[in-house]
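Asks: Sequence and predicted structure, then a few things I'm wondering about:
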Amino acid sequence: MNIFELIKSDIPINNGIIQQFVKTSDNLPEMVKKLLSAEANFYDTTMMYRLLGTEEILESKKNLGVDFLSKSILPLFDLQSNDFICYDIQKNGYFILNIVDEIDLIDVTDFFEYHISLEELVKKWEGEYED
């Protein structure tokens with residue numbers, strides 16, 4: 001399964017898991033709820049995407065040195081080389097963050113008002129790294 005198949009798959013939402021990350025999930029997109037609810041055994045070998053598990057996200061400050069949750073950011077996928085696909089709860093948008101440099105790798109600030117989809121971000125990321 002690749003990341004696009006995962007995005008389109010029918011993942012049941014587990015509100016108990018989601019409440020570990022946010023007080024209310026009313027403002028979270030359906031896709032973020034599904035990814036947080038999914039079992040963390042997804043790995044796309046083509047583009048090296050790995051879905052993060054609940055404990056990895058909750059313990060990100062200890063394990064990765066970045067307190068994502070205090071910044072209202074949910075890391076969703078590990079892209080290797082310290083790059084992560086994240087969802088910014090306050091800005092309601094997806095972006096890619098390098099945790100060493102703490103910079104957005106793909107500047108999607110203009111897209112936040114348009115609520116860029118995860119699929120659009122992945123396509124842009126893959127386009128950046130095609131040979």
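Replies: In hand now; what should we look at?

Asks: Next, please give the residue ranges for the helices of this protein.
Replies: 3-8, 15-18, 30-37, 54-58, 60-64, 109-112, 118-128 (DSSP state H).

Asks: Would you point to the one among these that's packed deepest?
Replies: Among the helices of the chain, the stretch with the highest mean neighbour count (mean count of other Cβ atoms under 10 Å) is helix 30-37, at a mean of 19. C-beta coordinates here come from the backbone N, C-alpha and C atoms, glycine included.

Asks: Check the offset of it from the chain's centre.
Replies: Chain-centre distance of helix 30-37: 9 Å, with Cα atoms, centre = their mean, to the nearest Å.

Asks: Can you show me the CA trace of that helix as PDB?
Replies: What follows is helix 30-37, C-alpha atoms only, in PDB (Å, rounded to 0.1, in the frame of the first residue of the first chain):
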ATOM      1  CA  GLU A  30     -11.500  13.800   9.000                       C
ATOM      2  CA  MET A  31      -8.100  12.700   7.500                       C
ATOM      3  CA  VAL A  32      -6.200  13.700  10.600                       C
ATOM      4  CA  LYS A  33      -8.600  11.800  12.800                       C
ATOM      5  CA  LYS A  34      -8.200   8.700  10.600                       C
ATOM      6  CA  LEU A  35      -4.400   8.900  10.700                       C
ATOM      7  CA  LEU A  36      -4.300   9.400  14.400                       C
ATOM      8  CA  SER A  37      -6.600   6.400  14.800                       C
END
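
Asks: Minimum distance to residue 94: which of the helices of the chain has it?
Replies: helix 118-128 (4.6 Å; Cβ to Cβ).

Asks: circling back: export the helices of the chain as a markdown table, with columns for mean pLDDT.
Replies: Output for these, formatted as a markdown table (pLDDT from 0 to 100):
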| stretch | mean pLDDT |
| --- | --- |
| helix 3-8 | 83 |
| helix 15-18 | 91 |
| helix 30-37 | 91 |
| helix 54-58 | 91 |
| helix 60-64 | 89 |
| helix 109-112 | 41 |
| helix 118-128 | 77 |
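
Asks: of these, which approaches residue 78 most closely?
Replies: Among the helices of the chain, the nearest to residue 78 by Cβ to Cβ is helix 54-58 (8.2 Å).
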